[in-house]
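J.: Got a sequence here, can you build the structure:
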Amino acid sequence: MRNLPAFRDDLESRLKHYGARSFVARDRTVAFEAPRNHAAAAAAALISDCGCELSLMIAVDRCAGRGSFQVFYLFSHPSEPWFAEMSVEVPAEDPRFDSLATACYPASLYEREIHDLFGIVPEGHPDLRPMVKHGFWPEDYHPLRKSAGPPPEFADDGSPFPFRQVEGEGIYEIPVGPVHAGVIEPGHFRFSVDGETIIDMKARLYFTHKGTEKLFEGREAAAGVELAERISGDTSVGHSLAFCQAVEALAEMEIPEKAARARVILLELERLYNHVGDFGAIANDTGFAIAHAHAFRIRERLMRLNRRFAGHRLLRGMLQPGGLTRDIPTGCNLLAELEAVRADFEEVVDLCWNHSMLRDRLRGTGRLTERTARDHGVLGFVARASAIDRDERRDHPFAAYGRLRFDVPVFAGGDVEARTLVRVAEFRTSIELIRQAIEGMPEGEYYRSPGPLPGWKPAFGLVEGWRGGIIHWIMTDDGGRLYRVKVKDPSFANWRALTFALLKNIVPDFPLCNKSFNQSYSGNDL
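T.: Next up, the predicted model:
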C-alpha cells in the first residue's frame, strides 16, 4: 500500500494533463484544484485510471468572499485508506460545468441535486428532470443559494410528472403511494407489469424534503449534533457520529480513547436493534408472523437496553465534537445482557432457517447483481449481499475500529436471502465488537475541546452506519459557524438499485424486496 505522499505524487502525475494543480496532502486526503473545462475529464480519469470511486459531490455558494460557486468531488479508494478531493470554481455569471453523468451513474444524481438546489447546470447531463424540487416549484428558485429567501407562492397546476411510460400489448401500470399504510414517510412507486411480472419500476421520492442542509447553516458546530441526530431517526448515532468526525477533522484533533471505544459501542447497539427488527419484518412479509413477533420483542429488549446505557432508546444525546457529553455508565452489565439477547435471537433465526417455505420465498427473490450494485455505488449490507467486500469500519477505520478484530461478512447471492444472511452475520459481529470495546476500555477523560475552527476549509466524516456509509461534509465561515453542510445517507445510493432488484419478480414480492433493502425516506429526502 502506498503512503499518502506517494498517493499524492501518483495523482499529480496522472492528472497534470488535465490542468490539475495545487496538490496538498492532509490527514487522509489529497486535495487539488481543476479548471472547469477539464474537471469532468479529470474525474473520469480518477475513476478509470486511478481506481477511485466517487463518494460525494458538493456545491458551495460564494465561500470566502468569492463571487463564484465551487463544486467539490470527493473520491475514495477501495483498497487504500486515502481520499481525493477535487475542487472546481464555477463563475456565478455563468453557472455551468461539464457533466460526469455518462461516465458515472452516481454523479448523475449528485448533479441533478446540485441543479435543483443551486441552479448550476451540468452540461451534457442526459436527464435533468427535477429530482429534489417537486413538480411546481418555480424554475428560478434555488433554495441553497445564499441569496434565496423563503419560497414564493406556488400551486399544483394539475400537470403530471414526466414518467417514461412502458407500452406494449398486455402491459399495465400499478401506482403505489406516495401515501402508505402505517407511519412510514411518502414515496411513489410506479410499476409496469406484464401479467404479474414486473418489467419496470420507477421510484419518485423527496415528498418530504425538509431543507435539512439549510437548517445547519449559521449554527455553532456543537449545535449541529442535535440536528444530525434527527436526519433519520433509526440512524441517530450514525449521522451524529459522522458530523462529529467532520468537526474533529476540521479541528485536526484526536479524541480520547475512552470516547473512541464508547462510539463503537453506540454504533453497534444501533446496528443490533435495526438488524433484529429487519429480520423480523422480512419474515413477516413471507407470512411467518410468529418470527416477526419474537424479533420485535427482542428489538424492544435492545431499545430498553439502549435507554439504560445511553439514556435514550434511540441512543441520542451521548455524542459531541471532541468525544462524549458524559461518561459511560457503570453497572449496566451490558455484555451479560447482550449475551442473553444473542441466545434469544439465535433461537428465532433457527426457527426461520429450518422453515423450508420461508427460505424458498427468500432465495432467488429480488436479485441485485454485483455489476448493477457497483454501477450504482450501492453501500452497506445491500452491497455486501451482492459480493462487494466493502465496510468503512475496516477500509477507512474510525473511532476505535482500527484496533479491533472482526470479519466483514460478504455473500454472493444478491437476493433477499443474502441480504438477510448479512444482517444475521453482522448481528453476531456487533456483539463481538462491543465485547472488545468494553474489555479494552481505559479509565480517564472522555472529552477534549476541539477549539476554534478554521474558516473556509472543507472537512468530512465517514461512518459505516447500519445501512452503509454515511458522509457529513462541512465548511465553516470566519467565525467558526457552519457555512455549508452536505449529508449523504446510504439510501441516496441504494434507492435506485431497488428498481433493478425487482425486475422479473412478481408484484407480490415487492414488499419483501423493499423490506430487504429497507432504505430511509427521511435520510434521502433531506
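J.: What ranges in the protein fall below the confidence cut-off?
T.: For the chain, the stretches flagged by pLDDT under 70 are 63-66.
J.: surely R359 meets V416?
T.: No - because the distance of 10.2 Å does not satisfy CB atoms under 8 Å, R359 is recorded as not touching V416. Backbone N, C-alpha and C define where each C-beta goes, glycine included.
J.: what about the two, which has more around it?
T.: Comparing R359 with V416 by neighbour count (other CB atoms under 10 Å), the higher total belongs to V416, at 28 against 14.
J.: residues touching the more buried one, list them.
T.: Contact analysis of V416 by CB atoms under 8 Å, 6 or more residues apart in numbering lists 282, 361-363, 365-366, 512-513, 516.
J.: and if you look at A92?
T.: If you count contacts by CB under 8 Å, 6+ apart, A92 has them with 62, 67-69.
J.: how close does it sit to H142?
T.: The spacing between A92 and H142, counted by CB to CB, to the nearest Å, is 12 Å.
J.: A103 now?
T.: Using CB to CB, one obtains 25 Å as the distance from A103 to H142.
J.: got a list of what the closest residue in space to P151 that isn't next to it in sequence touches?
T.: Closest residue to P151 apart from its sequence neighbours, by CB to CB, 6 or more residues apart in numbering: Y141 at 5.7 Å. Applying CB under 8 Å, 6+ apart, we find Y141 in contact with 133, 148, 151-152.
J.: Who is I470 paired with across the strands?
T.: Partner residues in beta bridges with I470, using DSSP bridges, are V463.
J.: Neighbours of it, how many?
T.: When neighbours are counted by other CB under 10 Å, I470 registers 32.
J.: same check, this time on the one 4 residues further on
T.: The criterion is other CB under 10 Å. On that basis, I474 has 26 neighbouring residues.
J.: Thought A459 was touching it, still the case?
T.: Yes - distance between I474 and A459: 5.8 Å, which falls inside the contact criterion (CB under 8 Å).
J.: quick one: common contacting residues for the two?
T.: By the contact definition CB under 8 Å, 6+ apart, I474 and A459 are jointly contacted by 246-247, 250.
J.: So which of these is surrounded by the most neighbours?
T.: Ranked by neighbour count (other CB under 10 Å), the shared contacts of I474 and A459 have A246 at the top, with 27 neighbours.
J.: give me phi/psi at that one?
T.: For A246, the backbone dihedrals are phi -60, psi -40 (criterion: degrees, to the nearest 10).
J.: who's in contact with it?
T.: With contacts defined as CB under 8 Å, 6+ apart, A246 is in contact with 459-461, 472-474.
J.: Likewise for R21?
T.: Remark: with contacts taken as CB under 8 Å, 6+ apart, R21 is in contact with 32-34.
J.: Include secondary structure, distance to F500 and neighbour count when you put the residues you listed into CSV, please.
T.: Formatted as CSV, the entries for the contacts of R21 read as follows, by DSSP: H, G, I helix; E, B strand; the rest coil; distance: CB to CB, whole Å; neighbours: other CB atoms under 10 Å:
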residue, secondary structure, distance to F500, neighbour count
F32, strand, 34, 20
E33, strand, 36, 17
A34, coil, 32, 24
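J.: looking at the contacts of Y141, which has the most residues close by?
T.: Within the contacts of Y141, K133 tops the neighbour count with 20 neighbours, counted by other CB under 10 Å.
J.: Hmm, that one is touching I114, no?
T.: No - using CB under 8 Å, K133 is not in contact with I114; the gap is 11.8 Å.
J.: follow-up on the earlier one: which one of the contacts of R21 is nearest to F161?
T.: Taking CB to CB as the measure, F161 lies nearest A34 of these, at 35.2 Å.
J.: Reformat the contacts of V416 as a markdown table; add neighbour count and secondary structure.
T.: As requested, the contacts of V416 are arranged in a markdown table below (neighbours: other CB atoms under 10 Å; DSSP: H, G, I helix; E, B strand; the rest coil):
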| residue | neighbour count | secondary structure |
| --- | --- | --- |
| I282 | 28 | helix |
| R361 | 20 | helix |
| L362 | 24 | helix |
| R363 | 13 | coil |
| T365 | 20 | coil |
| G366 | 26 | coil |
| L512 | 20 | helix |
| C513 | 23 | helix |
| S516 | 29 | helix |
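J.: Name the nearest of those relative to A242.
T.: Using CB to CB, S516 is the member of the contacts of V416 that sits closest to A242, with 24.5 Å.
J.: do you know how far the closest one is from F427?
T.: Note on S516: its distance to F427, by CB to CB, is 15 Å.
J.: What of T235?
T.: Counting by CB to CB, the gap from T235 to F427 is 17 Å.
J.: Show me which of those two is the more surrounded one.
T.: Set side by side, T235 and F427 give different neighbour counts by other CB under 10 Å, the larger being at T235 (31 against 23).
J.: for the more buried one, helix, strand, or coil?
T.: Secondary structure for T235, judged by DSSP: H, G, I helix; E, B strand; the rest coil, is helix.
J.: repeat for H292
T.: Reduced to three states by three-state DSSP, H292 is helix.
J.: That one is in contact with T286, isn't it?
T.: No - at 9.5 Å, H292 and T286 do not qualify as touching, with contact defined as CB under 8 Å.
J.: Can you spell out which helices and strands pack onto the strand or helix carrying I265?
T.: When secondary structure is defined by DSSP states H and E, I265 falls within helix 257-284. Applying 3 or more CB pairs under 8 Å, 6 or more residues apart in numbering; DSSP states H and E, we find helix 257-284 packed against helix 236-251, helix 289-310, strand 323-324, helix 334-353, helix 416-439, helix 510-517.
J.: how far is it from where the chain is centred?
T.: Remark: helix 257-284 is offset 16 Å from the chain centroid, using CA atoms, centre = their mean, to the nearest Å.
J.: relative to helix 289-310, how tilted is it?
T.: Taking axes from the mean of the first three to the mean of the last three CA atoms, to 10 degrees, one finds helix 257-284 and helix 289-310 inclined to each other by 160 degrees.
J.: coming back round to it: and A103 and H142? Which one has more around it.
T.: Using other CB under 10 Å as the criterion, A103 and H142 rank with H142 on top: 21 against 16.
J.: Need the three-state assignment for the more buried one.
T.: Secondary structure assignment for H142 (three-state DSSP): coil.
J.: on that earlier part again, mind putting the contacts of Y141 into CSV with distance to P81 and secondary structure?
T.: Formatted as CSV, the entries for the contacts of Y141 read as follows, by distance: CB to CB, whole Å; DSSP: H, G, I helix; E, B strand; the rest coil:
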residue, distance to P81, secondary structure
K133, 37, coil
A148, 38, coil
P151, 42, coil
P152, 47, coil
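J.: out of these, who's nearest E80?
T.: The nearest member of those to E80, counting by CB to CB, is K133 at 37.7 Å.
J.: Appreciated, that's everything.
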